[in-house]
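Peer 1: Everything below, folded, please.
(chains A and B)
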Protein chains: 2
Amino acid sequence: MTQYSQSARSKVKRVPKRGHYDKETVYSILDAGYLCHVGFTMGEQPFVIPTLYGRSGNKLYLHGAASSRMLRQTQQGIPICLTVTHVDGLVLARSAFHHSMNYRSVVVFGKARVVEEGEKEHALYILSEQIIKGRWDEARKPNRKEMNATTVLAIEIDEASAKIRQGPPADDREDYDLDIWAGVIPIKPQIGDPEPDPALRAGIETPPSVKEFMR
Amino acid sequence: MTQYSQSARSKVKRVPKRGHYDKETVYSILDAGYLCHVGFTMGEQPFVIPTLYGRSGNKLYLHGAASSRMLRQTQQGIPICLTVTHVDGLVLARSAFHHSMNYRSVVVFGKARVVEEGEKEHALYILSEQIIKGRWDEARKPNRKEMNATTVLAIEIDEASAKIRQGPPADDREDYDLDIWAGVIPIKPQIGDPEPDPALRAGIETPPSVKEFMR
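Peer 2: Numbers count the residues shown, from 1 in each chain, chains lettered A, B, ... in the order given. Alright, predicted model coming up:
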């Protein structure tokens, strides 16, 4: 398995056994999501902005309006940090101290560059597929004006670390005798029934992308 | 309604009509969650770390191991940014360009201070209640050693902005005639059945906090 290097910035310090640096693990966590939190700094002030992403190989794409502060700042080639977190459950231990969360997270370090014309439509396709596969081919494609109004950034993943906690609580040995319930409450995203646009023309059926997504 | 001031850093620039600055809206989004992404800067490098939080009035509490990089850095009184995002649905428009997400997010700006002895147990109680109400009273309370191993930070919310998108897609007028499905796929957290710790002593029933959380 190819590993990312572990530098001071990317090494998991707290509970190091939860840290993973192989690309397979990092990619699997990235591929299970579509929402990230991007951190960048302006002056002394950090900003953390939620946004959508798509992965292609060792590269992540972000997009947004050309006027967005996040995109204007991060395209300057400044260092950014991009984090994806999946909550898998609440871990209730016997002791308050050992309460925890089951989760899978990835922290990515890299710099962003603006995606040029030739790569742009491909990047938007990757973003779209990350969120809901097959939708790109169903929707009206972006026209020239829409393409111009959209900035796409690419971030080569320089370093990344994954952190994973799964399984039951881990209490102190003597606490297992206590008369206190312990266990995990699983949490995952629930996909509801699709709600057709009230303005949808009659006779248009739920498309394959949505049906596939519901499974 | 009390409003946060709108400065250059907190003003919602993209789609300003989605921006909200009143405390009621900001608090309601914070109160609907327990996981945030905290951004801080070391040198030129931003970090974005997922962590749990609790709100008490205009203050947020974070906690972790005394040795955590996030806590060691942020307690220096450096500016931080703390973001909470709830995904409510995928918005599928007729055009690729108008695809969007329904969400509620809050971006908080402030500085962290270390919570001293007198306030520390209260802060941990607030954090615990934010995640699962009533659990604090069921669990074994932290002992002296555990309290010493835990750092709690308080962040007074200096500025905050909420951003909300809800409702059906908004397509270009001419696209409503297209033969393309449009609508929303709702998403929300799904709480699974509690999984008792395999090491749980026989005869311990699911506690009130968990039963209440399941509703």
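
Peer 1: What are the boundaries of the helices in chain A?
Peer 2: Assigned by DSSP state H, chain A shows helices spanning A:23-31, A:69-74, A:117-131, A:135-138, A:144-149, A:208-214.

Peer 1: any chance of the ones you listed in CSV, plus distance to chain B, mean pLDDT and mean neighbour count?
Peer 2: Yep, even glycine has a C-beta here, placed from its N, CA and C like the rest. Listed next are the helices of chain A as CSV, based on distance: least, CB to the nearest CB, whole Å; pLDDT from 0 to 100; neighbours: other CB atoms under 10 Å in any protein chain shown:
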stretch, distance to chain B, mean pLDDT, mean neighbour count
helix A:23-31, 12, 98, 18
helix A:69-74, 5, 80, 21
helix A:117-131, 6, 96, 18
helix A:135-138, 6, 98, 18
helix A:144-149, 4, 95, 12
helix A:208-214, 6, 97, 16
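
Peer 1: Quick check: which of these is nearest to B:Glu116?
Peer 2: Proximity to B:Glu116 (CB to CB) singles out helix A:69-74 among the helices of chain A, at 36.2 Å.

Peer 1: can the helices of chain A go into a markdown table with extra columns for distance to B:Gly57?
Peer 2: Formatted as a markdown table, the helices of chain A follow (distance: least, CB to CB, whole Å):
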| stretch | distance to B:Gly57 |
| --- | --- |
| helix A:23-31 | 35 |
| helix A:69-74 | 29 |
| helix A:117-131 | 37 |
| helix A:135-138 | 43 |
| helix A:144-149 | 41 |
| helix A:208-214 | 40 |
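
Peer 1: right, so of the ones you listed, which gets closest to A:His63?
Peer 2: Evaluated over the helices of chain A, closeness to A:His63 peaks at helix A:117-131, with 5.7 Å, by CB to CB.

Peer 1: hmm, back to that, I'd like to know which of the helices of chain A is closest to B:Leu52.
Peer 2: Closest approach to B:Leu52 among these (CB to CB): helix A:23-31, 19.0 Å.

Peer 1: If I take that closest one and helix A:117-131, what angle do their directions form?
Peer 2: Following axes from the mean of the first three to the mean of the last three CA atoms, to 10 degrees, one obtains 80 degrees for the angle between helix A:23-31 and helix A:117-131.

Peer 1: Check which helices and strands the helix-or-strand element of chain A with minimal mean pLDDT sits against.
Peer 2: One helix or strand of chain A scores below all others by mean pLDDT, DSSP states H and E: helix A:69-74, with a mean of 80. Helix A:69-74 is packed against strand A:35-42, strand A:45-56, strand A:59-65, strand A:150-156, with contacts defined by 3 or more CB pairs under 8 Å, 6 or more residues apart in numbering or on different chains; DSSP states H and E.

Peer 1: Low-confidence bits of chain A, can you list those?
Peer 2: For chain A, the stretches flagged by pLDDT under 70 are A:1.

Peer 1: Surely A:Ile155 is in contact with A:Ile80?
Peer 2: Yes: taking contacts as CB atoms under 8 Å, A:Ile155 lies within contact range of A:Ile80: 6.8 Å.

Peer 1: Could you name every residue contacting both of those two?
Peer 2: A:110-112 (CB atoms under 8 Å, 6 or more residues apart in numbering or on different chains).

Peer 1: Can you list which of the residues you listed are found in strands?
Peer 2: Judged by DSSP state E, the subset of the shared contacts of A:Ile155 and A:Ile80 located in strands is A:110-112.

Peer 1: and which of the residues you listed is nearest to B:Glu121?
Peer 2: Proximity of those to B:Glu121 was ranked by CB to CB; the top entry is A:Gly110 with 40.6 Å.

Peer 1: Look up how far A:Tyr61 lies from that closest one.
Peer 2: To A:Tyr61, A:Gly110 is 12 Å away according to CB to CB, to the nearest Å.

Peer 1: quick one: which of the two has more around it?
Peer 2: A:Tyr61 (24 against 20; other CB atoms under 10 Å in any protein chain shown).

Peer 1: residues contacting that one?
Peer 2: A:Tyr61 is in contact with A:53-55, A:115, A:123-124, A:126-127, A:152-155, counting by CB under 8 Å, 6+ apart.

Peer 1: And the helices of chain A: which comes nearest A:Thr85?
Peer 2: Closest of those to A:Thr85 is helix A:23-31, at 8.8 Å (criterion: CB to CB).

Peer 1: Next, the angle strand A:45-56 makes with the closest one.
Peer 2: Using the same axes, to 10 degrees, one finds that helix A:23-31 and strand A:45-56 are set 100 degrees apart in direction.

Peer 1: so what does helix A:23-31 touch, helix or strand wise?
Peer 2: In this structure, helix A:23-31 makes packing contacts with strand A:45-56, strand A:79-92, strand A:100-114, strand A:159-165, judged by 3+ CB pairs under 8 Å, 6+ apart.

Peer 1: okay if I get those as a markdown table plus distance to chain B?
Peer 2: Formatted as a markdown table, the helices and strands packed on helix A:23-31 follow (distance: least, CB to the nearest CB, whole Å):
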| stretch | distance to chain B |
| --- | --- |
| strand A:45-56 | 4 |
| strand A:79-92 | 4 |
| strand A:100-114 | 5 |
| strand A:159-165 | 9 |
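
Peer 1: Just tell me which of those strands ends up closest to A:Gly33.
Peer 2: Ranking the helices and strands packed on helix A:23-31 by proximity to A:Gly33 (CB to CB) places strand A:79-92 first, at 5.0 Å.

Peer 1: Which residues are in contact with the nearest residue to A:Arg69 once chain neighbours are set aside?
Peer 2: Counting by CB to CB, 6 or more residues apart in numbering or on different chains, A:Arg69 lies nearest to B:Lys13, which is 5.4 Å off, once chain neighbours are set aside. Counting by CB under 8 Å, 6+ apart, B:Lys13 makes contact with A:67-69.
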